[in-house]
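A.B. asks: Sharing a model prediction with you, sequence too.
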Amino acid sequence: MDLHFGDSKPTDDERAAVDALLGPPESSWEGADRSDADLRWAHGGRAARDRRDLLLPGLHAINDRIGWISEGALDYLCRRLTVPPAEAYGVATFYAMFSVRPRPATVLHVCTDLACAAAGASELCAGVESRLGLGSGVHVERSPCLGLCERAPAALAIKAGDPVRTAVSAPATVHEAVLAADAPDSAAQEPPAATAVPQAGQDGLVLLKRVGVVDPSSLDDYRANGGYTALRRAFELGPAGVIREVTDSGLVGRGGAAFPTGRKWQATASQPDHPHYLVCNADESEPGTFKDRVIMEGDPYALVEAMTIAAYATGAHKGYVYLRGEYPRALRRVQHAIDQARARGFLGENVLGHGYAFDLEIRRGAGAYICGEETALFNSIEGYRGEPRSKPPFPVEKGLFGKPTVENNVETLINVLPILTMGAPAYAAIGTDRSTGPKLFCVSGSVERPGIYELPFGATLGDLLAKAGVRDRLRAVLLGGAAGGFVQPDELDIPLTFEGTREAGTTLGSGVVMAFDDTVPLPRLLLRIAEFFRDESCGQCVPCRVGTVRQEEALHRIVECTGAAAADDIALLREVGRAMRDASICGLGQTAWNAVESAIDRLGAYE
């Protein structure tokens, strides 16, 4: 592909897809029919460059309509936004869900990650590829985690067109996956979000109390079940009062870093530079994680209300939900909730008549695990490759568009609602002194009742697995997902707190708990983890870019060798792992060795 404006022209459909997003071009500089008058001078360049953040939505628009991004379509989008084609090409090729090579309009993503691998993803892929064969008009793609771990194995069909059509098959059979690809409209309907919550409807729930109880499409139903009580309380307290309540509650981030939320909000609110921004990180891509999807599908108004409170407290008037591209139902539900809230005065220029202006916009990811890192996420929204930035400066000082930004994930944000409704002291009384409040855990793998569980911090791993119905012959439990660590079956008394897991030499992470019995080949599982990190490394820093490849190569050799050769590769793995942990720019490289190290040291994986 030429990395400059060439002679390739967009098709009518490609032009229509871009124009539907950006509006019709105003001059020939943007691709309109030539006019001698407007070729005498360039105009509109600054305004177009200010819309660079629409590059990712523009790529989605083309990919959704056509199924891939041609040179002509990319050139046309670049002209409209005054983006150099070389840079746009770098962005388009960064994301797994886009293709710059011709492919069929229908893509069937079959998950091959940890939970699905343990549930027979290899056999599913082989069966689907055999059934469809060549020339079927369906491109089968072996995909990283689709966030459907409680219904493994899973497949997602995306059929390009106007409109784009999607269908989820989970748990998938060969027949159902092929049906989803061939006829998305005829595929079986997805089960309600509440089926992922075994505790749905039980008394005592705090974060999941509305999932399965309220109609997720109804604002009135949400309000009848306590919705918008917290926002009214926030307006009574004022911004400083809200931050004080959040700080006193002891709430820390639920994405894995466990940074105090009140401190982050206060640091952003105190910045003199304006405007301030709020970003919700809904790009949960950690294998085994699906809690944010369930919340957005089952209780979307809770996220809209919580983001409004967070923005009010931190002085933000614009918020973004950065949502996984693999979550089509969550996209529809959250967009509907935003539209309804705006129409009813809960978003907009005068929220609830209090003179406060705030609005929300969804930005879709496109399949990049690294965009879960907050600064990579900012780059993605701004229309650049999703590569992490060096810190400092920190996001509270210079984040999205170079302005003070507060970033929280979905679970962290919805915890703000009970903090304001029950009060900080009552919230802090849940859990332990150092890990307060309730926590959501994503349980999958070798259990009878996989799904999202809500427990107070301090419950043990054994308590959680007992609720999920752990199967016999338990071999290992992975905490924290691919970036976490394994524990043995006799370590189920580990308290599920940030401090408790640290003391046990492992991590809580975002709340992933994956159980594996002795039918799951552990070396193959570790190899899949290594493949995942190799694929998902953004390649920006050498320790991660090279280290993840060396880690995968060594694991391949270990599977094939024994004795001294295997021992040499294990020593090499340790050296590479330390280098990645000490020198990588972001958490991806820093944690890429964790699970493999724990499997070697705690489980004796290669003995």
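C.D. replies: Noted; the coordinates are in hand. Numbers count the residues shown, from 1 in each chain.

A.B. asks: ok, now which ones touch Leu22?
C.D. replies: Taking CB atoms under 8 Å, 6 or more residues apart in numbering, we find Leu22 in contact with 51, 54, 58, 80-81. All C-beta spots, glycine's among them, are computed from the backbone N, C-alpha and C.

A.B. asks: With neighbour count added, can I get these in a markdown table?
C.D. replies: As requested, the contacts of Leu22 are exported to a markdown table (neighbours: other CB atoms under 10 Å):
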| residue | neighbour count |
| --- | --- |
| Arg51 | 16 |
| Leu54 | 20 |
| Gly58 | 27 |
| Arg80 | 26 |
| Leu81 | 21 |
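
A.B. asks: Kindly reformat those as CSV containing distance to Ala429 and pLDDT.
C.D. replies: Formatted as CSV, the entries for the contacts of Leu22 read as follows, by distance: CB to CB, whole Å; pLDDT from 0 to 100:
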residue, distance to Ala429, pLDDT
Arg51, 48, 89
Leu54, 46, 97
Gly58, 49, 98
Arg80, 55, 93
Leu81, 52, 93
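
A.B. asks: wait, which of those is closest to Asp64?
C.D. replies: Distances from Asp64 to those, taken as CB to CB, are shortest for Gly58 (10.6 Å).

A.B. asks: quick one: the closest one and Tyr427, what's the gap?
C.D. replies: Computed as CB to CB, to the nearest Å, the Gly58 to Tyr427 distance reads 42 Å.

A.B. asks: ok, back up a step: now, which of the contacts of Leu22 lie within helices?
C.D. replies: When DSSP state H is applied, the contacts of Leu22 are split such that 58, 80-81 fall in helices.

A.B. asks: Among those residues, which one sits closest to Asp220?
C.D. replies: Using CB to CB, Gly58 comes nearest to Asp220 of those, at 35.9 Å.

A.B. asks: Burial check on the closest residue to that closest one other than its chain neighbours, number of neighbours?
C.D. replies: Nearest non-adjacent residue to Gly58, counting by CB to CB, 6 or more residues apart in numbering: Leu77, 4.6 Å away. By the measure other CB atoms under 10 Å, the count of residues near Leu77 is 28.

A.B. asks: Would you reformat the ones in helices among the contacts of Leu22 as TSV and include distance to Cys116?
C.D. replies: Rendered in TSV, the data for those read as follows (distance: CB to CB, whole Å):
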residue	distance to Cys116
Gly58	32
Arg80	39
Leu81	37
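
A.B. asks: can you list the weak-confidence ranges in this protein?
C.D. replies: Along the chain, segments meeting pLDDT under 70 span 1-5, 28-29, 31, 33-49, 562-565.

A.B. asks: Identify the residues contacting the residue nearest the centre of it.
C.D. replies: If you average the C-alpha coordinates of the chain and look for the closest C-alpha using CA atoms, centre = their mean, you land on Asp283, 1.7 Å from that point. When contacts are counted by CB under 8 Å, 6+ apart, Asp283 is found next to 322-324, 365, 371-372, 377.

A.B. asks: Please narrow those residues to those residing in helices.
C.D. replies: Residues from these lying in helices, with DSSP H as the criterion: Leu377.

A.B. asks: Make JSON lines out of the contacts of Asp283 and add neighbour count and distance to Pro395.
C.D. replies: Formatted as JSON lines, the entries for these read as follows, by neighbours: other CB atoms under 10 Å; distance: CB to CB, whole Å:
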{"residue": "Tyr322", "neighbour count": "25", "distance to Pro395": "13"}
{"residue": "Leu323", "neighbour count": "25", "distance to Pro395": "19"}
{"residue": "Arg324", "neighbour count": "26", "distance to Pro395": "20"}
{"residue": "Gly365", "neighbour count": "27", "distance to Pro395": "18"}
{"residue": "Cys371", "neighbour count": "30", "distance to Pro395": "14"}
{"residue": "Gly372", "neighbour count": "28", "distance to Pro395": "14"}
{"residue": "Leu377", "neighbour count": "29", "distance to Pro395": "10"}
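
A.B. asks: Nearest to Gly386, out of the ones in helices among the contacts of Leu22: which one, please.
C.D. replies: Set against Gly386, the nearest of the ones in helices among the contacts of Leu22 by CB to CB is Gly58 (15.8 Å).

A.B. asks: Tell me if I'm right that the closest one and Cys78 touch.
C.D. replies: No - with the criterion set as CB atoms under 8 Å, Gly58 and Cys78 do not qualify as a contacting pair; they are 9.1 Å apart.

A.B. asks: Can you identify each of the strands in the chain by residue range?
C.D. replies: Ranges of strands within the chain are 106-111, 138-143, 155-159, 165-169, 276-282, 316-323, 359-364, 405-409, 438-445, 451-456, 474-479, 485-487, 512-517, based on DSSP state E.
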